[in-house]
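Novice: Pasting the sequence and the predicted model now:
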Amino acid sequence: MLEPNHVNGTLTKHRILMYTLSTCGWCRRTKALLQELGVAYDYVDVDLQTGGNRELAKEELLKWNPASSFPTIVIDGNECIIGFQEDRLRELASA
Amino acid sequence: MSGVTGERVAEVWARLVKEARDAGYSVNPDDQFARELVQGLLENEARYGYPACPCRLASGDRNSDLDVICPCDYRDVDLNDYGSCYCALYVSPEVVRGEKRVGAIPDRRPVGGSVAPSRGTERLDIKGLPFPVWRCRVCGYLCARPEPPLVCPVCKAGKERFEQFI
């Protein structure tokens, strides 16, 4: 069972779950921007998952993004943003 | 988070900057961003035994990840097409001069990993050459000698990154 990390924020309109790598610069920027915007989010650092959770995280990610690239940002469980797309992330905070 | 010290990051970063400059490559002018990528490379090296791209999920199997050991096989074409490599540790001179901004780019690596080694069957067959010709898959450097060099003199990729070209 995956246990995403939660980051608090004042904006909680959307349910955001991100698949990230702890080592990736673009993932780090994505997390920092959401935090700066005050958007609450959950994230799973796939590279830090151990045991069966690593495969589980990869399988979940694959369902959203066939290329399995990072970051993959799932919004409200029905759409996703792939890669650090600053404009779309800012829209999340305003929409 | 890891056992990678700031000192070690600084030491490797200084070496990468020098090697890049000596070989005509440029590194990301955003020092903080670049150092964090170097930290990621070193964390991957400690975790997997090889410095896999910090922005790609390594498999743990060195042979199937040879193409994404930094510098990756995709760096030079991405520099040409986008002005940066996938993780943006390396950038084009335009980016260094501030004429172009780096952004996230699509991953050129085939889904599921490399299809290397390439060209095995379509290799040019030139008879009578006294030596085979080896090609560095990272930068394209060619050399004719019994075996590839231990380290590519241009981009510093390791011997295992060479393929027989002719």
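Specialist: Here it is on my side, so go on. Numbers count the residues shown, from 1 in each chain, chains lettered A, B, ... in the order given.
Novice: pLDDT weak spots in chain B?
Specialist: For chain B, the stretches with pLDDT under 70 are B:1-2, B:116-125.
Novice: The residue of it found nearest chain A: neighbour count?
Specialist: In chain B, the residue that lies nearest chain A is residue B:40 (3.0 Å; CB to the nearest CB). For every residue, glycine as well, the C-beta is placed using N, CA and C. Neighbour count for residue B:40, taken as other CB atoms under 10 Å in any protein chain shown: 29.
Novice: for the one 5 residues further on, same thing?
Specialist: A total of 16 residues lie near residue B:45 under the criterion other CB under 10 Å.
Novice: if we can go back for a sec, can you verify my assumption that the residue of chain B closest to chain A contacts residue A:27?
Specialist: No. The pair residue B:40 and residue A:27 fails to qualify as a contact (CB atoms under 8 Å) at a distance of 9.7 Å.
Novice: Now do the shared contacts for those two.
Specialist: Common contacts of residue B:40 and residue A:27, defined by CB atoms under 8 Å, 6 or more residues apart in numbering or on different chains, comprise A:21, B:55.
Novice: Where do the strands of the chain begin and end?
Specialist: Picked chain A for this. A:5-7, A:16-20, A:41-45, A:72-75, A:79-82 (DSSP state E).
Novice: Sorry, I should have been clearer: chain B.
Specialist: Counting by DSSP E, the strands of chain B are B:26-27, B:90-91, B:133-136, B:142-144, B:162-164.
Novice: okay if I get the strands of chain A as a markdown table plus mean neighbour count and distance to residue B:79?
Specialist: Shown next, in a markdown table, are the strands of chain A (neighbours: other CB atoms under 10 Å in any protein chain shown; distance: least, CB to CB, whole Å):
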| stretch | mean neighbour count | distance to residue B:79 |
| --- | --- | --- |
| strand A:5-7 | 13 | 34 |
| strand A:16-20 | 23 | 25 |
| strand A:41-45 | 20 | 28 |
| strand A:72-75 | 23 | 25 |
| strand A:79-82 | 16 | 22 |
